[in-house]
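>>> Would you be able to build a 3D model of this:
(one chain, ligands or ions: 1)
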Amino acid sequence: MANDLAVPGGDKPSFFLRLFKKKEKPFTGEKMKVGIIGCGWIAGDHVRNYKKMNDVEIVAIADLIEGKAEAFARRHGLKCRIYRSHKELIDNEKLDIVSVCTYNKTHAECSIYALDAGVNVMCEKPMCVTIEEAIEMTKAAKRSGKKLSIGFQPRMDPNFQELKKVVQSGELGQVYYVQTGGGRTNGIPTPFGTSFIESSTAGIGAVGDIGCYSLDLVMNALGYPKPLTVSGYLNNSFGKDPKTFLGHPEYAEKFSVDDFAAGFVRLEGGICLDFRIAWAMNLETPGDTLFFGTKKALRVPSTGCWNGSIPKPMELSHVNQTTGIITKKKIKKFKSPNVFYMKLRGFIDAVRNDTEVSAPPEQILYNQAIIDGIVRSAKEGKEVEIILPDFDEKPKKK
Ligand SMILES: NC(=O)c1ccc[n+]([C@@H]2O[C@H](COP(=O)([O-])OP(=O)(O)OC[C@H]3O[C@@H](n4cnc5c(N)ncnc54)[C@H](O)[C@@H]3O)[C@@H](O)[C@H]2O)c1
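As a prediction, this is how the structure comes out:
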């Protein structure tokens, strides 16, 4: 499945919910003018959610593939202008916001072009492919003074926020080791073609596509400490096997990214992060996400936590080293809201009210640095250092 958390259309509320659902208040101000670049699956999710907001208007869409944007507009009942590239769309429209819903390889190009044209950007995850691109995106956001947020909808989930609260409260003591990752047992994403598995469009495989979620889950909880070094490993055994793709053995030939990645990362503050992620594996899960602290440990149940969702109650544990007695405490699990809607609603509100976005580039840059470090280290066959610039560009006057 190309979608990472929800089934397409799976966020439709039940009949009773729709009956009692509070309608948004009529909006009398100026509507936010939104453009959408890339008309694949996630763009459909953006459209469905923007359409629920009465202060937002989708004025234009674009896709490189001939006829794709037109078909998309018909399918979603959009009466808007249609373009064949991000440049055409941005050059010809006066937009407040653009959703960058393209494949990974053009996230940076589209986001930087939009920011430099004075448009706020909601860019889908992963932020981009390389660390150089992530740096350029962060610089563009700073020099333009416009907002850039990355599409990490799990950040809107109260369980995700609770995890950060617990880790930041100091209850664990000094966190010195974190294990995270997991992934799918049988889920190389090809339902709509090969854009996720070809290097020319995706750039990176599981490491970026779903690895970015596991990394954000733990890095966000830790307060995004700087990554210092990475030792990484990549594999592609399932992707290169024609038997993996029922009815499409030729996809194995096109497969040019990773389907498994592992990394051992040294973070600022003496923390080590042990990470692995898979699109396919001969195992249901390689284990829970774990935080080892000097006072307590925290277990985040594995199913789904690789994609940032926390499916079962988290558990704190403490072992009395004198008696060996183990004490455990479960953390209350909250009901998860429609995080896909909240991700976009939050971005609109941040632009309207000039407040912080939910996933700012300065943080996600570290996520991307780890991904880039894994790819670089795997290629070089040795541990690599992560060197990041100090950002000193001042925003232009708005
Ligand atoms: N947040 C989530 O849960 C979630 C879910 C699915 C996908 N995604 C992310 O969204 C992105 C897109 O995924 P998808 O499944 O929709 O991909 P997709 O390949 O089906 O669609 C991407 C579209 O972008 C178009 N495109 C690329 N560059 C363009 C440009 N410069 N101008 C105009 N159009 C351009 C392509 O022609 C293609 O039609 C990926 O990076 C993916 O990781 C996020």
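
>>> Residues of the stretch 101-250 of the chain that sit close to the ligand?
Within the stretch 101-250 of the chain, the positions near the ligand by C-beta under 6 Å from any ligand atom are 101-104, 106, 110, 124-125, 151, 153, 192, 195, 209. Where you see a C-beta, it was placed from the backbone N, CA and C, and this is true even at glycine.

>>> Flag the least confident of these.
pLDDT is lowest at residue 192 among these; the value there is 92.

>>> Which of the residues in the longest helix belonging to the chain are classified as buried?
Taking DSSP state H as the criterion, the chain has its longest helix at helix 361-380. Within helix 361-380, the residues that qualify as buried are 361, 363-378, counting by 16 or more other C-beta atoms under 10 Å.

>>> got the residue ranges for the strands in the stretch 101-250 of the chain?
Along the stretch 101-250 of the chain, counting by DSSP state E, counting those that start in this stretch, strands occupy 120-123, 148-150, 175-183, 227-235.

>>> Quick one: mean pLDDT over the second one.
Per-residue pLDDT values across strand 148-150 average out to 98.

>>> just checking, what packs against it?
Helices and strands touching strand 148-150, by 3 or more C-beta pairs under 8 Å, 6 or more residues apart in numbering; DSSP states H and E, are strand 120-123, helix 131-144, helix 361-380.

>>> looking at the ones you listed, which is closest to residue 321?
For the helices and strands packed on strand 148-150, the distance to residue 321 is smallest for helix 361-380, at 32.3 Å, taking C-beta to C-beta.

>>> residues in contact with whatever residue of the chain ends up closest to the ligand?
With C-beta to the nearest ligand atom, the shortest gap between the chain and the ligand falls at residue 40, namely 2.2 Å. For residue 40, the contact set (C-beta atoms under 8 Å, 6 or more residues apart in numbering) comprises 2, 101, 102, 103, 192, 195.

>>> Quick check: can you list the domain ranges of this structure?
Domain assignment for the chain by automatic domain parsing gives 22-152+339-358, 155-330.

>>> rewinding a little: redo the strands of the stretch 101-250 of the chain as CSV? Include mean neighbour count.
Converted to CSV, those look like this (neighbours: other C-beta atoms under 10 Å):
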stretch, mean neighbour count
strand 120-123, 28
strand 148-150, 27
strand 175-183, 23
strand 227-235, 20
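
>>> Need these in CSV (columns: distance to residue 133).
Putting the strands of the stretch 101-250 of the chain into CSV (distance: least, C-beta to C-beta, whole Å) gives the following:
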stretch, distance to residue 133
strand 120-123, 11
strand 148-150, 12
strand 175-183, 23
strand 227-235, 17
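
>>> sorry, back to before: what would the helices and strands packed on strand 148-150 look like in CSV with distance to residue 168 and mean pLDDT?
Formatted as CSV, the helices and strands packed on strand 148-150 follow (distance: least, C-beta to C-beta, whole Å; pLDDT from 0 to 100):
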stretch, distance to residue 168, mean pLDDT
strand 120-123, 26, 98
helix 131-144, 24, 98
helix 361-380, 14, 98
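
>>> Can I get stretch 124-137 as CSV, trimmed to CA atoms?
Extracted C-alpha coordinates of stretch 124-137, given in CSV (Å, rounded to 0.1, in the frame of the first residue of the first chain):
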residue,chain,number,x,y,z
GLU,A,124,4.9,15.3,2.2
LYS,A,125,7.2,13.0,4.0
PRO,A,126,10.0,12.1,3.7
MET,A,127,11.3,15.6,3.7
CYS,A,128,13.5,14.8,0.6
VAL,A,129,16.2,12.3,-0.5
THR,A,130,19.6,13.7,0.5
ILE,A,131,20.9,15.8,3.3
GLU,A,132,22.1,18.5,0.8
GLU,A,133,18.5,18.9,-0.3
ALA,A,134,17.2,19.1,3.3
ILE,A,135,19.8,21.8,4.0
GLU,A,136,18.7,23.8,1.0
MET,A,137,15.0,23.4,1.9
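
>>> Can you give me the buried ones in stretch 349-356?
Neighbour counts over stretch 349-356 (16+ other C-beta under 10 Å) mark 350, 351 as buried.

>>> Can you pull out the residues in contact with that stretch?
Applying C-beta under 8 Å, 6+ apart, the set of residues contacting stretch 349-356 is 32, 55, 96, 97, 120, 147, 149, 357, 358.

>>> now the closest residue to the second one other than its chain neighbours, what's its secondary structure?
Spelled out, that is residue 55. Spatial nearest neighbour of residue 55, chain neighbours left out: residue 27 (4.2 Å); criterion: C-beta to C-beta, 6 or more residues apart in numbering. Three-state call for residue 27 (DSSP: H, G, I helix; E, B strand; the rest coil): coil.

>>> how close does residue 27 get to residue 53?
Distance of residue 27 to residue 53, computed by C-beta to C-beta, to the nearest Å: 8 Å.
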